[in-house]
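Chemist: sequence? don't have it. structure:
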């Protein structure tokens with residue numbers, strides 16, 4: 001198969017368990033693919049400001065990146081925005097209201113950080129354990145307290161994504177009902193975390209947009225992923241490969257399954273199907 005583009009999810013697919021680095025084997029495989037003329041495209045739920053140096057600065061293959069689950073396409077070298085889908089005001093106010101009614105912490109991603117109320121921040125501190133990485137590595141660096149999210153929205157910021165970082169099991173059904181009633185795209189990004197974006201934002205849409213920009217037929221793309229929001233991307237590419245740590249439904253939707261991410265599953269797939 002003539003592969004011209006590698007589309008890869010980051011967390012639990014390409015990045016190591018530290019969520020910051022690639023394994024030496026994957027670094028070597030990506031560099032070899034780049035020298036062969038294959039484009040390398042990270043497709044992630046992360047925002048540009050949360051990308052680790054291994055992606056944003058140190059990669060010799062740096063080209064384009066799809067961010068916020070398809071909300072933005074940017075250049076990695078300078079962060080220049082090439083296309084974007086941002087949440088609309090009506091949806092934003094409705095989401096803030098729904099989170100308030102359910103007493104859920106909520107974060108708005110805008111510009112160079114995450115905006116949340118002191119109450120949302122304190123709620124996450126109390127939860128602790130499952131939010132430790134988010135608290136220590138994300139909010140500690142990029143979190144901005146704002147007393148009133150509705151007042152913040154009155155300034156008409158561009159919001160690329162909303163996080164509900166912790167939804168207790170007893171509120172799961174109510175949260176899903178509220179989200180399904182709104183014109184947004186959403187998915188469970190973890191056992192108790194939800195990510196929300198514009199209704200037209202998806203990883204599959206981001207892949208197709210980059211293929212258009214680079215004049216590459218999606219049939220000549222390989223996609224690597226591990227979670228439910230990766231399924232449309234795996235199916236939009238000519239070849240979709242799930243990591244061995246992916247849930248059964250993701251593996252079933254893929255064309256092939258590699259080893260788990262922490263056993264160099266992404267590198268093995270690139271070596272086999274690209275190199």
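Modeler: Looks like it came in fine. Only a predicted model underlies this, so the values are computations on that prediction, with no experimental measurement involved.
Chemist: residues contacting the most centrally placed residue in the chain?
Modeler: For the chain, residue 45 is the residue whose C-alpha lies nearest the centre (Cα atoms, centre = their mean; 1.2 Å). Residues in contact with residue 45 (Cβ atoms under 8 Å, 6 or more residues apart in numbering) are 11, 68, 69, 161, 189, 195, 229. (C-beta placed from N, C-alpha, C; glycine too.)
Chemist: Greatest separation within those: which pair is it?
Modeler: 11 and 161 (14.5 Å; Cβ to Cβ).
Chemist: can you count the residues close to residue 75?
Modeler: By other Cβ atoms under 10 Å, the residues close to residue 75 number 14.
Chemist: and if you look at residue 30?
Modeler: 23.
Chemist: Kindly report the same for residue 88.
Modeler: Neighbours around residue 88, by other Cβ under 10 Å: 14.
Chemist: and if you look at residue 72?
Modeler: 24.
Chemist: next one: residue 82
Modeler: Neighbour count for residue 82, taken as other Cβ under 10 Å: 14.
Chemist: a helix runs through it, doesn't it?
Modeler: No: assessed with DSSP: H, G, I helix; E, B strand; the rest coil, residue 82 is strand; it does not lie in a helix.
Chemist: What score does it have for pLDDT?
Modeler: pLDDT recorded at residue 82 is 97.
Chemist: And the one 5 residues further on, by the same measure?
Modeler: What the model reports as pLDDT for residue 87 is 97.
Chemist: got it, and residue 266?
Modeler: For residue 266, pLDDT reads 98.
Chemist: and it, what does it touch?
Modeler: When the contact criterion is Cβ under 8 Å, 6+ apart, the partners of residue 266 are 8, 13, 14, 26, 29, 224, 243, 258.
Chemist: Which stretches in the protein count as helices?
Modeler: 24-35, 53-56, 89-102, 118-127, 132-133, 140-142, 149-153, 172-180, 203-214, 231-236, 248-253, 265-273 (DSSP state H).
Chemist: List the buried residues of the first one.
Modeler: Judged by neighbour count using 16 or more other Cβ atoms under 10 Å, the buried positions of helix 24-35 are 26, 27, 29, 30, 33, 34.
Chemist: Name the residues that touch that helix?
Modeler: When contacts are defined by Cβ under 8 Å, 6+ apart, helix 24-35 is touched by residues 6, 14, 22, 40, 59-61, 264, 266-267, 270-271, 274-275.
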